[in-house]
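# Predicted model follows, preceded by the sequence.
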Amino acid sequence: MFEINTLSKSNCVNVLRCYGAFIKDENVFFALEFMDGGSLANILKKVGKIKEDVLGIITVQILRGLEHLHKVMKVAHRDIKPANLLLNKNGIVKIADFGIS
């Protein structure tokens, strides 16, 4: 799972930005970058299969995000799945994880 510091310090276009977090009434709230396309899991539910060329574009972006996390941030995501991959309407894919350790 990501720490808040990891998400807030990352400057990679393919890693979701976290602008901060706060606690209110024993609940933790995050201010995250807005991704208007939703998760890849939700998109798969709506459209079913994704064309191979589009899947290739998505995969390249995921790999760029993972490379940044590994080489620059020195962290491993450990939970890559469609629910943790967010897209925007411009076709940008960002790695996300909403767990708290």
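Arrived safely.
# The biggest helix by length in the chain - contacts with which helices or strands?
Counting by DSSP state H, the longest helix found in the chain is helix 52-67. When contacts are defined as 3 or more CB pairs under 8 Å, 6 or more residues apart in numbering; DSSP states H and E, helix 52-67 packs onto strand 85-87, strand 93-95. All C-beta spots, glycine's among them, are computed from the backbone N, C-alpha and C.
# looking at these, which is buried most?
strand 93-95 (a mean of 23; mean count of other CB atoms under 10 Å).
# Give me the contact list for it.
13-16, 33, 35, 40, 58, 61-62, 65-66, 69, 77, 80, 84-88 (CB atoms under 8 Å, 6 or more residues apart in numbering).
# Around residue 22, how many other residues sit close by?
9 (other CB atoms under 10 Å).
# hmm, I was thinking of residue 30
For residue 30, using other CB under 10 Å, the count is 14.
# Name the residues linked to it by a beta bridge.
residue 21 (DSSP bridges).
# Am I right that it is in contact with residue 21?
Yes - Residue 30 lies in contact with residue 21 (CB atoms under 8 Å); the separation is 4.9 Å.
# about what we covered before: would you mind writing the PyMOL command to select the buried ones in the contacts of strand 93-95?
Only the buried entries of those go into this PyMOL selection, using 16 or more other CB atoms under 10 Å:
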select buried, resi 14+15+16+35+40+58+61+62+65+66+69+77+84+85+86+87
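# still on that earlier bit, format the helices and strands packed on helix 52-67 as TSV; extra columns: distance to residue 48.
Below are these laid out as TSV (distance: least, CB to CB, whole Å):
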stretch	distance to residue 48
strand 85-87	16
strand 93-95	18
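# in this structure, which helix or strand is least confident?
In the chain, no helix or strand scores lower on mean pLDDT, DSSP states H and E than helix 4-9, which sits at a mean of 65.
# Give me the phi and psi angles of the residue of the chain most remote from its centre.
Distance from the C-alpha centroid of the chain peaks at residue 25, with 26.7 Å (CA atoms, centre = their mean). With angles defined as degrees, to the nearest 10, residue 25 sits at phi 50, psi 50.
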